[in-house]
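1. Just a sequence and a predicted model for now, questions to come.
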Amino acid sequence: MMLSPDQAADSDHPSSAPSDPESLGGADAQALSCCVSDPEPAEGGGSEGRGGGRPGLHPPPLSREEKRRRRRATAKYRSAHATRERIRVEAFNLAFAELRKLLPTLPPDKKLSKIEILRLAICYISYLNHVLDV
């Protein structure tokens, strides 16, 4: 039996797990056997307010964290997030380039790493404060 990506992600729910406890083996079979053979929903199962019916037809409502995790797993969300991150990094690099233009170095076109730019900026600000104090 092939599972869709949604069913594979929900494999921790009893409704999408195999109904034969012997096919699982070990602790999984023991944990699932109570869910499969027991027709009564567990306390707080939440199926009473959804029109009754047989248990297992409706999975339990998703927690806020699970909804967030599923939303973040979509290709559309990942693509949008990657675009936002790319824009953020470009702005970050432009800010370092602007700061680099303001710092005196010999030679002036020397390539500096980001940490070198920050350290040089700290030293230069300290020097300018010293010049103003004198």
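-> The structure has been received and is ready for your questions.
2. How many neighbouring residues does Thr83 have?
-> 10 (other Cβ atoms under 10 Å). Using the backbone N, CA and C atoms, a C-beta is placed for each residue, glycine as well.
3. Over to Lys67?
-> By other Cβ under 10 Å, the burial measure for Lys67, its neighbour count, is 11.
4. Helix or strand: which one has it?
-> helix 64-72 (DSSP states H and E).
5. Okay, buried residues for the one helix or strand Ile125 maps to please.
-> Assigned by DSSP H and E, Ile125 belongs to helix 114-133. Going by neighbour count (16 or more other Cβ atoms under 10 Å), the buried part of helix 114-133 is 117, 120.
6. sorry, back to before: so which other helices or strands are in contact with the helix holding Lys67?
-> Secondary structure elements in contact with helix 64-72, counted by 3 or more Cβ pairs under 8 Å, 6 or more residues apart in numbering; DSSP states H and E, are helix 75-102.
7. Could you give the average pLDDT over the helix it packs on?
-> Average pLDDT, helix 75-102: 95.
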